[in-house]
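model the following, please.
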Amino acid sequence: MDGLDGSGPQRVYDAPMALNSDLSATAGLDPAYALARHRRLLYDLRTSIVGPLSVHAFLQNVVGRPYKGIGGPMRLSATNAFRSVPPTADTVEQIMEPLLVALNRRTTHRSRCPGFVFENTARRSTHPHRPGFAKPHISCLTRRNVEVVQHLDRHSRSELGYAELFIQVTADATHDYFTDPPPGLTAEHRAAFDFVTRWEDRDTRKKVEDAFALHAAFATEVFARQHRNGYHSIAMTGSRARLLHWDRAGCIVSESFDIREHPEHLCEFLWRFAQTSDAMRGHDTTVWPATLEQEERFRDVVREHVRSQLELEGEALDKAVSKHYCPGRTAVVGIYPQGQPISHNVVGQYIISRPVVSPLLLVSRGTRGYWAVESASSRLVFLKDTWHIVSGGTGTVEGTILGHLNDLGVRNIPTLYAHGDVPEYVSPEDSSDVIWQTTITGEVAQKCGTCCVAGKTPSVTDQQRYRLAVRTVGYGLSTLRGTEELLHGTYGAFVAMKDALDKASLIHRDISLANIILVKVPGQDIRQGYLIDWETSALVDDEGAALAAGRAGTWYFMSGRMLDLDGAKEKQNFQDDMESLVHVITYAALLYLPHLLLEKEELLEIIRRYFELVYNQSSNAANGGDFKVTNSYTQVMFKTAGFTSEALMEWLMSMAKLQRPRLGGLTEFGEQWTPEHVDAFWSDFLKTRSLERDNRIVHDITKTEYRDYSELSKTLSIAPIPPPTGKRRAVDRPLNDRIAKRRRSLRSQDAAGPPLTDIVSSRIVDGRRRSERIRTLQDHPRSNPTVASGPRRASHSSSIAVRHKGYCRRGGLAPQ
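Model (predicted):
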């Protein structure tokens with residue numbers, strides 16, 4: 001319970017981030033792709049920006065009041081506090097240098113921001129003007145962390161792991177990403193006002209957008225490097241400032257004010273920031289540093305489990321352990337059991353270090369996944385720290401679902417150990433008086449109103465922090481060793497799907513590469529597959545369809561039926577999930593098993609057309625999946641890929657024929673595409689076929705070209721394609737009717753709504769229904785392929801569904 005009553009130990013800073021697949025660097029932060037990554041962040045963020053709030057409203061609703069009893073004698077006067085800062089400048093340094101002096105000014109008993117120091121962290125970058133290497137211009141640090149930051153390796157990005165807030169500076173006062181609405185507008189006209197600045201000059205527009213995209217990227221990285229519920233930053237354009245608040249629901253922006261003319265606004269903000277609690281500054285107070293004994297115990301337990309799972313020793317074992325353990329950087333997190341009163345006696349303490357997944361999107365569930373060790377028992381568990389919907393949610397939290405499935409005896413799913421929502425504050429006098437860790441952007445949007453952003457009304461949904469611990473701990477399907485493990489492991493996931501349907505009338509709805517893990521079970525040579533992440537699962541009706549209509553899951557692996565133009569209105573069923581499982585196996589085989597697509601560009605083109613391609617109808621309904629449907633009839637993609645495993649090819653071709661044995665309704669499933677037929681075929685196949693055990697080969701699919709989101713100022717209809725192993729964002733949920741400055745209530749039971757899938761974008765637009773496009777594919781079997789992204793021809797005669805000048809064509813397939 002440390003810290004929940006306003007007291008507690010030191011906060012945890014510079015939390016480790018997940019490593020890439022070869023454990024050589026931080027995952028997802030390759031500097032080479034930083035600009036495109038930042039632009040995507042801004043693209044995703046636009047409909048989650050709330051504002052502009054008046055400075056007074058921002059201070060009252062976002063920052064809060066300073067603690068009573070801390071008076072003014074320690075406070076420096078605001079008079080002429082920032083007069084030395086020029087109104088505009090030619091260089092950032094001309095703004096930064098006098099601003100730093102003013103911020104750090106203090107006397108013996110007075111200070112601008114007591115307990116904090118402002119440091120120039122931009123100069124600590126090895127390449128300060130390159131997006132992938134840049135660091136915030138000014139970072140606010142606690143006094144105890146100043147020396148730590150000054151001794152950091154300049155090649156690291158750990159400054160963002162210590163920054164309590166940061167200030168980003170633009171020298172030109174006119175280069176503000178936002179434009180405030182004129183005073184005196186009615187509420188209706190203010191809501192319709194677009195407060196993103198429109199620039200006629202393309203170069204200026206890109207410069208301004210890229211500057212704010214970098215600002216958003218810094219905030220996103222702070223959330224990945226610290227344990228945070230919220231975060232503050234300041235955007236300076238010349239001597240004009242905007243206050244910003246970030247959380248998992250979005251960003252709140254204040255109106256612009258001139259710190260030369262109105263220094264009291266910035267002084268008041270800094271004073272309140274310094275005088276409030278760690279929790280109000282955005283820290284997660286349910287995380288605290290581990291002791292040396294706890295760290296050593298964590299290391300030993302993790303090391304033993306890695307040894308048992310991967311059968312490694314020596315340096316190979318040490319390297320594998322580094323995926324989960326970073327020396328000197330361990331922490332303890334609390335899980336407060338769902339359904340029980342909050343008290344010191346029931347909190348479970350879990351030791352963590354490096355996550356296996358770090359959140360790289362701001363507006364998201366912010367999921368971190370850890371191998372964790374329960375402090376009391378030294379038991380190893382998998383701990384999931386995430387956020388679930390609280391505004392308008394009608395679903396059930398994942399732990400409740402897992403517990404129910406465990407009770408029913410569903411096989412090959414994680415075993416629930418503990419779960420619960422996470423408190424921010426518990427009254428020391430009354431433990432039922434609880435403030436839960438929730439975002440505030442949605443509440444502020446309702447209470448204070450907001451303008452349009454890039455032509456769209458913001459859609460903001462508040463979320464609540466939630467933790468889940470399960471006893472099943474393994475490795476992702478992406479670590480498969482060969483064909484044998486791929487087909488056996490995914491069959492284990494299929495058994496879980498079938499059991500959940502038979503015993504609980506439940507379908508998973510997010511069958512993806514990230515949601516299948518492999519676990520070494522004593523006495524078995526082949527790792528067993530488990531199906532995880534049941535948060536988007538849904539009950540089915542008597543016809544086997546989900547009770548609620550709409551898409552859910554990961555775009556890459558959705559069935560052709562659900563990707564159809566009408567898919568957003570359809571009810572997902574078990575047959576769709578079975579098709580998704582085939583797509584997962586296909587994707588894993590393309591990435592990790594031998595095949596004939598030896599040229600990187602050929603493989604990327606297949607992946608783009610089969611898994612990524614999307615058509616954006618004029619009605620703004622994203623749809624796709626043409627190549628998936630075509631392949632289910634003709635198996636052209638399997639033949640083109642040419643997997644060298646004969647058994648794998650036989651399995652894929654057989655499953656396609658079970659799915660759609662003959663032409664008919666284009667997205668209708670065959671009569672034998674049932675759980676019983678698939679189970680009979682698959683189980684017999686595994687018993688009677690010889691499968692390769694160690695034929696793993698990793699294919700490079702690093703994209704050398706990234707989409708350039710250079711038109712951010714324009715009103716775009718849908719968002720960019722998500723990565724295949726990423727998590728869904730919480731989008732387009734109705735706002736909660738209840739408005740409150742802070743949520744103060746009894747525990748919210750089962751308040752997670754069914755999340756919608758990410759909507760994806762494409763450079764391709766076609767007004768026809770998907771059935772018409774598929775028929776065109778079938779009617780033109782000998783047409784030459786044309787690459788959708790431009791005039792470049794396909795590099796071989798693969799039968800790839802393509803689009804050019806408004807109609808579909810399919811390349812001829814050489815005789816087999």
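
CA only for contacts and neighbour counts going forward, please
Will do.

for the stretch 601-750 of the chain, which segments count as strands?
614-616, 622-624 (DSSP state E, counting those that start in this stretch).

tell me the most buried of the ones you listed?
strand 622-624 (a mean of 26; mean count of other Cα atoms under 10 Å).

quick one, helices of the stretch 251-400 of the chain?
Under the criterion DSSP state H, counting those that start in this stretch, helices of the stretch 251-400 of the chain are mapped to 263-275, 292-310, 314-321, 398-408.

looking at the strands of the stretch 601-750 of the chain, which has the lowest confidence?
Here those differ in mean pLDDT, and the lowest is strand 614-616 at a mean of 78.

about what we covered before: which one of the strands of the stretch 601-750 of the chain lies closest to A445?
Closest to A445 of the strands of the stretch 601-750 of the chain is strand 622-624 (Cα to Cα; 27.3 Å).

related to what we said a few turns ago, any chance of JSON lines for the strands of the stretch 601-750 of the chain, columns distance to G28?
As requested, those are exported to JSON lines (distance: least, Cα to Cα, whole Å):
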{"stretch": "strand 614-616", "distance to G28": "24"}
{"stretch": "strand 622-624", "distance to G28": "26"}
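
how about the contacts made by K498?
By Cα atoms under 8 Å, 6 or more residues apart in numbering, the contact list for K498 reads P675.

please name every helix or strand in contact with the lengthiest helix in the chain.
Assignment by DSSP state H gives helix 202-225 as the longest helix of the chain. Where contact means 3 or more Cα pairs under 8 Å, 6 or more residues apart in numbering; DSSP states H and E, helix 202-225 is packed against helix 34-45.

and the helix or strand following the helix it packs on, what does it pack against?
Sequence-wise, the next helix or strand downstream of helix 34-45 (DSSP states H and E) is strand 49-53. On a contact count with 3+ Cα pairs under 8 Å, 6+ apart, strand 49-53 meets strand 250-254, helix 441-448.

chain center to the first one: distance?
Read it as strand 250-254. 19 Å (Cα atoms, centre = their mean, to the nearest Å).

how about it as CSV, C-alpha atoms only?
Output in CSV follows, covering the C-alpha atoms of strand 250-254 (Å, rounded to 0.1, in the frame of the first residue of the first chain):
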residue,chain,number,x,y,z
GLY,A,250,-5.0,11.7,-25.5
CYS,A,251,-3.7,15.2,-25.0
ILE,A,252,-5.1,18.3,-23.4
VAL,A,253,-3.9,21.7,-24.7
SER,A,254,-4.2,25.1,-23.2
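
show me the strands paired with it, marking each as parallel or antiparallel.
Sheet pairing of strand 250-254 (DSSP bridges) gives strand 49-53 (parallel), strand 240-247 (antiparallel).

got the angle for it vs helix 202-225?
120 degrees (axes from the mean of the first three to the mean of the last three Cα atoms, to 10 degrees).

any idea of the mean pLDDT for strand 250-254?
pLDDT averaged over strand 250-254 gives 98.

let me know the angle separating that strand from helix 441-448.
Using the same axes, to 10 degrees, strand 250-254 lies at 40 degrees relative to helix 441-448.

how near is the residue nearest to R379 when sequence neighbours are not counted to G403?
Sequence neighbours aside, V373 is the residue nearest to R379 in space, at 5.4 Å (criterion: Cα to Cα, 6 or more residues apart in numbering). Using Cα to Cα, to the nearest Å, one gets 20 Å for the distance from V373 to G403.

of the two, who's got more company?
Neighbour count, other Cα atoms under 10 Å: between V373 and G403, V373 has more, with 26 against 16.

ok, now how distant is that one from G474?
V373 is 14 Å from G474, by Cα to Cα.

rewinding a little: any idea which of the helices and strands packed on strand 49-53 is most buried?
Mean neighbour count (mean count of other Cα under 10 Å) peaks for strand 250-254 among these, with a mean of 25.

start to end distance for stretch 560-573?
OK, stretch 560-573 end separation, Cα to Cα: 12 Å.

other residues contacting it?
For stretch 560-573, the surrounding residues in contact (Cα under 8 Å, 6+ apart) are 507, 509, 540, 544-551, 576, 621-626, 628-629, 667-668, 769-770.

tell me which residues of that stretch come out buried.
560-565, 567-568, 570-573 (16 or more other Cα atoms under 10 Å).

quick one: mean pLDDT for the helix or strand harbouring Q94?
Assessed by DSSP H and E, Q94 sits inside helix 92-104. For helix 92-104, mean pLDDT is 97.

angle of that helix against helix 263-275?
Orientation of helix 92-104 against helix 263-275 (the same axes, to 10 degrees) gives an angle of 60 degrees.

show me what contacts M497?
Counting by Cα under 8 Å, 6+ apart, M497 has contacts 507-508, 531.

and stretch 234-242, end to end?
6 Å.

contacts for stretch 530-538?
For stretch 530-538, the external contacting residues (Cα under 8 Å, 6+ apart) are 396-398, 401-402, 412-414, 489, 492-493, 496-497, 506-510, 515-519, 546-548, 552-553, 754-755.

point out where the stretch 101-250 of the chain drops to low pLDDT.
Applying pLDDT under 70 to the stretch 101-250 of the chain flags no residue at all.

would you map the strands across it?
For the stretch 101-250 of the chain, the strands defined by DSSP E, counting those that start in this stretch occupy 116-120, 138-142, 165-170, 231-237, 240-247, 250-254.

tabulate the ones you listed (a markdown table), appending distance to G449.
As requested, the strands of the stretch 101-250 of the chain are exported to a markdown table (distance: least, Cα to Cα, whole Å):
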| stretch | distance to G449 |
| --- | --- |
| strand 116-120 | 33 |
| strand 138-142 | 30 |
| strand 165-170 | 25 |
| strand 231-237 | 20 |
| strand 240-247 | 15 |
| strand 250-254 | 11 |
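
show me the buried residues of stretch 560-573 that map onto helices.
Reading helices off the buried residues of stretch 560-573 with DSSP H, I get 560-563.

ok, these vs V453, which is closest?
L563 (28.2 Å).

tell me how far that closest one lies from N104.
56 Å.

equivalent analysis for R299, please.
R299 is 41 Å from N104, by Cα to Cα.

of these two, who's got more company?
R299 (22 against 17).

which residues touch the more buried one?
Y325.

same question for P337.
346-348, 418-421.

so D533 sits in a strand?
No: looking at D533 with DSSP: H, G, I helix; E, B strand; the rest coil, it is coil, so not inside a strand.

tally up the residues packed near it, please.
Counted with other Cα under 10 Å, D533 comes out at 19.

dump the buried residues of stretch 560-573 into TSV; add pLDDT and distance to F82 as well.
Converted to TSV, the buried residues of stretch 560-573 look like this (pLDDT from 0 to 100; distance: Cα to Cα, whole Å):
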residue	pLDDT	distance to F82
G560	91	60
R561	90	61
M562	92	57
L563	91	56
D564	87	58
L565	81	57
G567	79	57
A568	81	54
E570	89	59
K571	93	59
Q572	94	59
N573	95	62
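
in these, find the pair that's most separated.
Taking Cα to Cα, no two of those sit farther apart than L565 and N573, at 16.9 Å.

ok, back up a step: kindly indicate which of the ones in helices among the buried residues of stretch 560-573 lies nearest R689.
Nearest to R689 among these, counting by Cα to Cα, is G560 at 29.0 Å.

how about the nearest residue to the closest one once chain neighbours are set aside, what does it touch?
Distance criterion Cα to Cα, 6+ apart; nearest residue to G560, sequence neighbours excluded, is G625 at 4.8 Å. Residues in contact with G625 (Cα under 8 Å, 6+ apart) are 559-561, 563-564, 610-611, 613-614.

once you drop chain neighbours, what's closest to T47?
Nearest non-adjacent residue to T47, counting by Cα to Cα, 6+ apart: P458, 4.3 Å away.

tell me if I'm right that that neighbour and C452 touch.
Yes: using Cα atoms under 8 Å, P458 is in contact with C452, at 6.4 Å.

and those two? which has more neighbours close in?
Neighbour count, other Cα under 10 Å: between P458 and C452, P458 has more, with 23 against 20.
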